[in-house]
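# Build me a structure from this.
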Amino acid sequence: MLTRGYDWLWTKMTRKEITSTLLTLSERSVHGGGFSEHSGSLYRPDATAWAVLALNASGGDTAVLASARSRLGDDQLSDGRVCMAKEQPHAYWPTALAIMAWYSNRTHAENIMKACDFLIKSGGLTFQKRSNAPSDHDPSIPGWPWIDNTFSWVEPTTLSILALSLVGYSKHARVSEGVRLLIDRQLPSGGWNYGGTIVYGQELYPQPESTGMALTALAGKVEKREIQRSLDYLKSQAISCRTPLSLGWTLFGLGSWGERPIETRRWIVEGLSRQKKFGAYGTTLLSLILLAYEAKGGFLETISLGNQSKWFKMEGSL
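Residues are numbered from 1 along each chain as shown. So this is what the prediction gives:
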């Protein structure tokens, strides 16, 4: 009887915390469409894309979501990229997020095609590895960078793999190269950091968020034995992760391989409750953690919840 009462109380607390978070996210919509990163701040394309993904999966206002997707479309440049700001066209990493946000509405097919074309043609700088190089990873493998004409890193590569896979390009050569890069950047003892491996003979430290992202992108693309040590690392970290970035990607990284912890929702509510002490989280972080709350499996399955995504498949169309 006591256990049943505790479960009821916990369920009530959970619903209250999640409802409050959804309301906070909705209130960050801005005039002209889209979302800000913080209450009272200006429109940001990355925050807009993340909010669309979270609110779409949670049954958000369709008119608000349509306006936000249209704002992203207005921001798209002629070559297909979506940048942090039009006056900074080199910072094009939000392109992958925009693809995922548009995917849930058929009116943005042309935006998706242009953005995919851009991602497929773009990539990080590459060069042949030197015998006396200070780092151990292979710099000749093309992934994706944060900013044009710079090196490839784990997070933008992960987002690009996910976006292209979502719309049917999971077997495209560029996705395969991105997968190769992630496997090459896996640390010998397991896990990933932001994109290096061994520097001057010293193995770098893994990070839960980078590891979770890489594992999310690699699900269904490599054998489990190739990433088992990274799964083991992430499982060892999961119990102590409560910040939304680390916890969100940790849960997706494990969930993508069928190992979503049974404590997931309790951990999420604990993490959200820490805003009372540390202040409000940004829109991108709230969106990630809401998606993790809604998840039944992997990231791509989650962002397809409750929408009309099945209409769009582009395999072979470029």
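
# Now for residue 182, how many residues are close by?
27 (other Cβ atoms under 10 Å). Glycine gets a C-beta too; all of them are placed from N, C-alpha and C.

# now do residue 128
Using other Cβ under 10 Å: residue 128 sits among 8 other residues.

# Go ahead and flag the most central residue of the chain.
Closest to where the C-alpha atoms of the chain average out (Cα atoms, centre = their mean) is residue 159, at 5.6 Å.

# What residues does that one make contact with?
Contact partners of residue 159, counting by Cβ atoms under 8 Å, 6 or more residues apart in numbering, are 93, 96, 97, 144, 213.

# could you give the mean pLDDT of the helix or strand in which it is found?
Following DSSP states H and E, one finds residue 159 within helix 154-166. Helix 154-166 carries an average pLDDT of 98.

# After that helix, which helix or strand is next?
Downstream of helix 154-166 (by DSSP H and E), the next one is helix 173-184.

# As CSV, could you dump the C-alpha coordinates of that next one?
Taking Å, rounded to 0.1, in the frame of the first residue of the first chain, the C-alpha atoms of helix 173-184 are listed here in CSV:
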residue,chain,number,x,y,z
ALA,A,173,29.0,7.4,-49.0
ARG,A,174,29.1,10.6,-47.0
VAL,A,175,27.3,8.9,-44.1
SER,A,176,29.6,5.9,-44.3
GLU,A,177,32.6,8.3,-44.1
GLY,A,178,31.1,10.0,-41.0
VAL,A,179,30.6,6.5,-39.4
ARG,A,180,34.3,5.7,-40.2
LEU,A,181,35.4,9.0,-38.6
LEU,A,182,33.4,8.2,-35.4
ILE,A,183,34.9,4.8,-35.1
ASP,A,184,38.4,6.2,-35.8
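
# quick one: the helix or strand hosting residue 56 to helix 154-166, angle?
Element membership for residue 56 (DSSP H and E) is helix 45-57. For helix 45-57 against helix 154-166, the angle by axes from the mean of the first three to the mean of the last three Cα atoms, to 10 degrees is 50 degrees.

# so how far is helix 45-57 off the chain centroid?
Averaging C-alpha positions (Cα atoms, centre = their mean, to the nearest Å) puts helix 45-57 11 Å from its chain's average.

# Following element in sequence after it, please.
Taking DSSP H and E, what comes next after helix 45-57 is helix 62-75.

# my read: residue 45 touches residue 83, true?
Yes. Between residue 45 and residue 83 there is a contact under Cβ atoms under 8 Å: 7.3 Å.

# For those two, list the residues in contact with both.
75, 94.

# more crowded one of those two?
residue 45 (26 against 21).

# who touches the more buried one in this structure?
34, 72, 75, 82, 83, 84, 94, 97, 98.

# re the thing from before, from the contacts of residue 159, which is closest to residue 169?
residue 96 (11.7 Å; Cβ to Cβ).

# Just say helix, strand or coil for that closest one.
The three-state assignment at residue 96 reads helix, by DSSP: H, G, I helix; E, B strand; the rest coil.

# so which strand or helix has the closest residue to residue 243 other than its chain neighbours?
Nearest non-adjacent residue to residue 243, counting by Cβ to Cβ, 6 or more residues apart in numbering: residue 271, 6.6 Å away. Taking DSSP H and E as the criterion, residue 271 maps to helix 264-273.

# how about the residue nearest to residue 243, what does it touch?
Per Cβ under 8 Å, 6+ apart, neighbours of residue 271: 242, 243, 244, 247, 289.

# which of the residues you listed count as buried?
Among these, those classed as buried by neighbour count (16 or more other Cβ atoms under 10 Å) are 243, 244, 247, 289.

# coming back round to it: now do the residue nearest to residue 243 against residue 246, distance only.
9 Å (Cβ to Cβ, to the nearest Å).

# before we move on, what about residue 262?
Residue 262 is 19 Å from residue 246, by Cβ to Cβ.

# And for residue 55?
23 Å.

# and the residue lying closest to residue 92 once chain neighbours are set aside, how many neighbours does it have?
For residue 92, ignoring the flanking residues on the chain, the nearest one in space by Cβ to Cβ, 6+ apart is residue 81 at 4.1 Å. Counted with other Cβ under 10 Å, the neighbours of residue 81 add up to 22.

# quick one: contacts for residue 81?
89, 92, 95, 115, 118, 122.

# In terms of neighbours, single out the busier of residue 55 and residue 246.
residue 55 (23 against 20).

# Now do the phi/psi pair for residue 203.
Here is the backbone geometry of residue 203 (degrees, to the nearest 10): phi -70, psi 130.
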